[in-house]
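Novice: Predicted coordinates and the sequence they were generated for:
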There are 2 protein chains.
Amino acid sequence: MIYIVEDDVEVREMETYALKSSGFDVMAFECGKVMDEQVKTRVPDLFILDIMLPGEDGLNILKRLRVQENTKDIPVIMLTAKGTELDKVKGLDLGADDYIAKPFGVLEFISRVRAVLRRSERSSSENAEALNLALGGVTLDDQRRSVTVGGIAVELTFKEYELLKLLMSRPGTVFSRQQILEKIWGVDFDMDTRTVDMHIKTLRQKLGVQGSIIQTVRNVGYKVQ
Amino acid sequence: MIYIVEDDVEVREMETYALKSSGFDVMAFECGKVMDEQVKTRVPDLFILDIMLPGEDGLNILKRLRVQENTKDIPVIMLTAKGTELDKVKGLDLGADDYIAKPFGVLEFISRVRAVLRRSERSSSENAEALNLALGGVTLDDQRRSVTVGGIAVELTFKEYELLKLLMSRPGTVFSRQQILEKIWGVDFDMDTRTVDMHIKTLRQKLGVQGSIIQTVRNVGYKVQ
DNA sequence: AAGCGGCGTAAAGCCTTTGTAAAGTCCTAA
DNA sequence: TTAGGACTTTACAAAGGCTTTACGCCGCTT
């Protein structure tokens, strides 16, 4: 997941489109404030910040990201308008992972995003997944592989955990049983089975009062919200 | 269908034979130019490009494919002669989906072709629903499978949702009951039934004030506008 | 204006999908 | 080998959507 902060609608849509076409998940924001809300729910794999923004500028957002514990290791690419400005910004060295001067080509853009992500993956491959999800009173810490409901730890089995993680990774998105089987159980499960339903049931049970965050979408699958 | 560009006759035939034996449809070309003609007629599921080619090299072909709208999402496997060259090419990161260093074994070749195709299938089926429709005060988000009217979420059942999606996918176009039955209910519904009317009714009801975007075209069918 | 066919709508029964308990299977650790 | 836990399957109950039936209205044709 990549978060973009860019005030210009056209540029924002171009970037979003380019990245989505290349298979990335993208969320774009008009300003840092709106993004902050989203960051509380889910941290991305990469930030792309425009420098010139109305209100709080990109450099300031970068500073804040570098201070916060849950975002300080996430790579950041800064976008800047002019070449001259670029040098100045680079000179500041606030710890961005790459700088791209506008205007830029789509291919260059994608390629540099890939490069930054590749580098970051490599360096954090020990840390594996720094996935931290929260929704309602349910939190999921993928490093500890622990889940809490209202602050109380809940013991989940492997499949239950993976299932919850999958659903929570995209709140609001519906996953079909087929998709769930493919992602968690592995390959082409074509068979008619109630296994997923079963695990949904135990999950709901273990989540207690928060069990209702897992919703059934009849004829389609399940989602959390 | 897989397209191969390879100048060496023996290698070309080996690859073609290997893939055909594994059940793939293959067309092999000596250079990019010849292939371009064929691409105009039909786009394949996968390109396999040799890098070292007389005239235009594989990297250049790749670049062109990535720019063209109808080929930019099709996976590409690059073939390269030496290990050292391989690293260099990988570093360029022009967006190939896999790189294979010559010489390679048939089994590896097939296995990597399969892997790339599998990945591409998966991601395309996930991204398939990047569908976001809006019309009047009605929005339809196909990832979340959610519909809003004037910003308020509306709960739709499966058939209702599919019906709205179908109609909204082509605003202004009239769909006959027959067409609707075929698309949403599956095949050959030949019977005389009021089922579609029924669902149109509940849809209009649930869309509230915006229910009027669904219009009846007497003797023909329904449309939205 | 009357008849006819198409459409809107309500209600009820049917049928598919989902929830759930319980039994069965598989795997792992002692 | 056995015991325990996790996972899977089976069977049945519950829920909810889907379809049908029935009837009234409306517009078009004659």
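Specialist: Noted; the coordinates are in hand. Only a predicted model underlies this, so the values are computations on that prediction, with no experimental measurement involved.
Novice: and the helix or strand harbouring residue A:35, how far from the chain's centre?
Specialist: Element membership of residue A:35 [criterion: DSSP states H and E] is helix A:32-41. Remark: helix A:32-41 is offset 11 Å from the chain centroid, using C-alpha atoms, centre = their mean, to the nearest Å.
Novice: Briefly note if it comes near chain B.
Specialist: No. Against chain B, helix A:32-41 shows no contacts by C-beta under 8 Å from any C-beta of the partner chain, the least distance being 14.6 Å. From N, CA and C alone the C-beta is placed, and that goes for glycine too.
Novice: ok, and what's touching that helix?
Specialist: For helix A:32-41, the external contacting residues (C-beta atoms under 8 Å, 6 or more residues apart in numbering or on different chains) are A:3, A:5, A:27, A:29, A:53, A:55-56, A:58, A:60-61, A:64, A:70-71, A:133-135, A:171.
Novice: in that helix, what counts as buried?
Specialist: A:32, A:35, A:39 (16 or more other C-beta atoms under 10 Å in any protein chain shown).
Novice: do stretch A:148-159 as well
Specialist: Buried, per 16+ other C-beta under 10 Å, within stretch A:148-159: A:148, A:149, A:154, A:156, A:159.
Novice: End to end on it, go ahead and measure it.
Specialist: One end of stretch A:148-159 to the other measures 16 Å (C-alpha to C-alpha, to the nearest Å).
Novice: Say whether DNA strand C is contacted by that stretch.
Specialist: No. Judged by C-beta under 7 Å from any atom of the strand, stretch A:148-159 stays clear of DNA strand C, getting no closer than 10.8 Å.
Novice: Out of the contacts of helix A:32-41, which end up buried?
Specialist: Buried members of these, counted by 16+ other C-beta under 10 Å: A:3, A:5, A:29, A:53, A:58, A:61, A:71, A:133, A:135, A:171.
Novice: quick one on the thing from earlier: just checking, which of the contacts of helix A:32-41 belong to helices?
Specialist: Per DSSP state H, helices hold the following members of the contacts of helix A:32-41: A:58, A:60, A:61, A:64.
Novice: Tell me who's in contact with the first one.
Specialist: With contacts defined as C-beta under 8 Å, 6+ apart, residue A:58 is in contact with A:5, A:32, A:49, A:50, A:51, A:52, A:78, A:79.
Novice: Take the residues you listed and lay them out in TSV including pLDDT and distance to residue B:114.
Specialist: Formatted as TSV, the contacts of residue A:58 follow (pLDDT from 0 to 100; distance: C-beta to C-beta, whole Å):
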residue	pLDDT	distance to residue B:114
A:5	92	40
A:32	84	44
A:49	91	40
A:50	88	41
A:51	84	45
A:52	82	47
A:78	85	40
A:79	85	39
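Novice: quick one: pLDDT of the closest residue to chain B within chain A?
Specialist: Per C-beta to the nearest C-beta, residue A:219 is where chain A lies closest to chain B, at 3.8 Å. For residue A:219, the pLDDT comes out at 93.
Novice: That one touches residue B:158, doesn't it?
Specialist: Yes. At 3.8 Å, residue A:219 counts as touching residue B:158 under the criterion of C-beta atoms under 8 Å.
Novice: ok, the residue in chain A positioned nearest to DNA strand D - contacts?
Specialist: Residue of chain A nearest DNA strand D, by C-beta to the nearest atom of the strand: residue A:157 (2.9 Å). Neighbour list for residue A:157: residue A:202 [criterion: C-beta under 8 Å, 6+ apart].
Novice: Please list the residues of chain A that sit near chain B.
Specialist: Counting by C-beta under 8 Å from any C-beta, chain A sits next to chain B at A:20-23, A:107, A:110-111, A:114-115, A:172-174, A:182, A:217-220, A:223.
Novice: In helices, which of the residues you listed appear?
Specialist: Those of these lying in helices (DSSP H): A:20, A:21, A:107, A:110, A:111, A:114, A:115.
Novice: Can you tell me which of these is nearest residue A:178?
Specialist: Distances from residue A:178 to those, taken as C-beta to C-beta, are shortest for residue A:20 (22.8 Å).
Novice: beta partners for the residue lying closest to the closest one once chain neighbours are set aside?
Specialist: Excluding the flanking residues, the one nearest residue A:20 by C-beta to C-beta, 6 or more residues apart in numbering or on different chains is residue A:26, at 5.5 Å. Beta-bridge pairing of residue A:26 under DSSP bridges involves residue A:2.
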